[in-house]
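**Q** Sequence first, then the predicted structure:
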Amino acid sequence: MKRQKITLISTDGFVQHGVRSISAFLKSEGFDVNVIFFTYEKDAEEVYNSPGILKAIREIVKDSVFVGISTNMQVNSPLAIWIYNHIKDMNIPVVWGGIYPTINPDDCIKHFDIVCRGEGEYVTLELAQKLIKGNSIDRVPNLWVRSKGGEVIRNQPRELIADLDILPLPDIDSSTHYYLNKEEGVIKKIPRGDPLMSGAGGTYCLHGSRGCPFVCSYCSNKAIDTLYCGKFRRVRKRNINLIIEELKVAVKVANPGFVWFSDDVFPLRSDEELKLFCSLYKKHINLPFMCYVSPTTVSETKMKYLVDAGLKVVEMGVQSGSDYINKNIYERQQTNEDVLRSARILSKFGNRITVRYQFILFNEYEREKDIVETINLIKRIPSPYFMQAFTLSLFKGSELYNKYLKSGHLSSKYKMLTYTEADLAFWRSVGKMSNRKHYLYMLLWVMIQSSRFGNKVSGFLKNDRLVKIRRVPTWFCYLSSFAVVLIYKAVSLKRWLIP
Ligand code: B12
Ligand code: SF4
């Protein structure tokens, strides 16, 4: 029997674990699956709007049972709509899935006729089977479907996949993958290896679990957990032997030089499990790697295993030094004491690993007091470390977004910003603040950015007198914020100064 074709399109670049998992699953069920990877562009519609690209997309999509468009990032949602608008006349069902449609189905169904909420493996299989048999898809769990009569049928989500190990390894077979060559204005088959690994400096990104035990108000996980009635926070971990298996395949296919574990919180496994994983990893893979940790999951034993196995970079979200903000606004289950306890442990490995602490700045609910507390926390974090500051991004569908909307802190025209836009907006808004808050933000920003200089400058800034300054002339604030942005941008350009 002729194998049926399905096309998946990622609007979020090459990593996209979800698409790779769905693709591998559908292949294992006997389908031919093509994947097209788009990458983020500020003006995607313009960049991709070339006759060569449009023709090539239609050529790949032609004769598919259905097309699945995958979008996790809100910033890429206009691209998904643009793609859909260029293929919808082809009379092929198109389903929009991923984190963005999962937490914003009402918005998405305005543009698409089929939207998927939640995990995509079994729903796409059922969708394909029903479409091939000519059966109705109106009642497929996870799907929101616009029926022939025009009304939207909102089906409940199906059960989460309890055992992730029944899924095949993610699809990294580049012979069925396409990407956009913007310079030439065409879609090309990936020639050799996989840009996920070869293009991005030889890094292979692996996701070893689904879900997160924490439910921070600004994160998509909280909204997804609500959809699944509290079951998403029960983290489902993949078997460590299968993770090693995946890495062995990746090493064979693309020979990466670095591994990036993108699990929301990596050290959630027990000490014994982590010990076993680390010994297998060292024996079979032995590549430097990075992972994410949280303030309550770091222990000396776990760190020792990980560092011995090749851990080189570790990132930890601190977000704020104010327990009030972390608890009441971000709903993070951590205290400053947890942060400092973890930081002391991480600093013991400081000569072998790079530690990056991440902070969220510029939250409307933050009071002067909260900013000072963050400055004071930073002063207590032991060296060596690097810090990163992010301006608060409110993802549509997240609890914090809804809170901002209800409280009137957010205009209905709120637009998701890219990092650069968010940075600029931050500095513009800082200019409108009261002097003292403005100055404190600036001080905090400088402290965080200066950690790029190996703490020398932030050491200088660890001076109480700076925090105690009460009145600063406005002209000083403007001038110094301008100088900070300039210095920061200049330093960012010098890659050798960045870890
Ligand atoms: C890994 C990861 C990354 C990786 C890879 C990104 C990528 N392309 O997916 C990296 C590190 C590169 C990354 C970067 C960023 N990320 Co990120 N990232 C994640 C993370 C931790 C895991 C995603 C993942 O792979 N999950 C595992 C897979 C198996 O699940 P899944 O993707 O949800 O897929 C399932 C379903 O959604 C569904 N599905 C998916 N696609 C489709 C398609 C169809 C047709 C169907 C039917 C179903 C379906 O089925 C899949 C399998 O069951 C998530 C948080 C999270 N825990 O999910 C954030 C997350 C996706 N990232 C986020 C953000 C903001 C970013 C950045 C913009 C950060 C920044 N400011 O730089 C960048 C942007 C990158 C870019 N250029 O687009 C946000 C997006 C929020 C939003 N609404 O915009 C998230 C949700 C985290 C959060 N804060 O809430 N990220
Ligand atoms: S710990 Fe990280 S991944 Fe987990 S809910 Fe909070 S922000 Fe999201």
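**A** Structure received. Residues are numbered from 1 along each chain as shown. Ligands and ions are numbered 1, 2, ... in the order given.
**Q** Point out the residues in the chain that sit beside ligand 1.
**A** Taking Cβ under 6 Å from any ligand atom as the criterion, the chain approaches ligand 1 at residues 12-13, 15-19, 21-22, 40, 68-70, 72-74, 95, 97-100, 102, 116, 119-121, 123-124, 207, 210, 219-221, 262, 264, 395, 419. Placement of C-beta: from N, CA and C, glycine included.
**Q** ok, so what distance separates residue 300 from residue 345?
**A** Applying Cβ to Cβ, to the nearest Å, one obtains 5 Å for the distance of residue 300 from residue 345.
**Q** These two: which has the busier surroundings?
**A** Taking residue 300 and residue 345 together and counting by other Cβ atoms under 10 Å, residue 345 has the greater number of neighbours (18 against 11).
**Q** residues contacting the nearest residue to residue 347 once chain neighbours are set aside?
**A** In this structure, residue 347 finds its nearest non-sequential neighbour in residue 382, 4.0 Å apart by Cβ to Cβ, 6 or more residues apart in numbering. For residue 382, the residues meeting the contact criterion (Cβ atoms under 8 Å, 6 or more residues apart in numbering) are 343-344, 347.
**Q** Now restrict the residues of the chain next to ligand 1 to buried residues only.
**A** Judged by neighbour count, with 16 or more other Cβ atoms under 10 Å as the criterion, the buried members of the residues of the chain next to ligand 1 are 12-13, 15-16, 18-19, 21-22, 68-70, 72-74, 95, 97-100, 102, 116, 119-121, 123-124, 207, 210, 219-221, 264, 395.
**Q** Tell me who's in contact with the nearest residue to residue 63 once chain neighbours are set aside.
**A** Spatial nearest neighbour of residue 63, chain neighbours left out: residue 5 (5.7 Å); criterion: Cβ to Cβ, 6+ apart. The contact partners of residue 5, taken as Cβ under 8 Å, 6+ apart, are 31-34, 63-65.
**Q** got the phi/psi numbers for residue 5?
**A** Here is the backbone geometry of residue 5 (degrees, to the nearest 10): phi -100, psi 140.
**Q** One more: residue 115?
**A** Main-chain dihedrals, residue 115, degrees, to the nearest 10: phi -130, psi 140.
**Q** the bottom helix or strand of this protein by mean pLDDT?
**A** helix 456-461 (a mean of 50; mean pLDDT, DSSP states H and E).
**Q** For the stretch 251-400 of the chain, give the residue positioned nearest to ligand 2.
**A** residue 264 (3.6 Å; Cβ to the nearest ligand atom).
**Q** Up against ligand 2, what does the stretch 101-250 of the chain have?
**A** For the stretch 101-250 of the chain, the residues in contact with ligand 2 under the definition Cβ under 6 Å from any ligand atom are 212, 214-216, 219, 221.
**Q** Any stretches of the protein with poor pLDDT?
**A** 1, 40, 42, 191-201, 411-435, 450-499 (pLDDT under 70).
**Q** One more pass at 80, please.
**A** By pLDDT under 80, the weakly predicted segments of the chain are 1-2, 39-49, 180-186, 190-201, 409-439, 442-443, 445-447, 449-499.
**Q** Quick check: residue 280 vs ligand 1, distance?
**A** Applying Cβ to the nearest ligand atom, to the nearest Å, the value for residue 280 to ligand 1 is 22 Å.
**Q** Repeat that for residue 145.
**A** The value you get for residue 145 to ligand 1, if Cβ to the nearest ligand atom is used, is 12 Å.
**Q** Repeat that for residue 378.
**A** Distance, residue 378 to ligand 1, using Cβ to the nearest ligand atom: 22 Å.
**Q** didn't that residue look like it was pressed against residue 321?
**A** Yes: using Cβ atoms under 8 Å, residue 378 makes contact with residue 321 at a distance of 6.6 Å.
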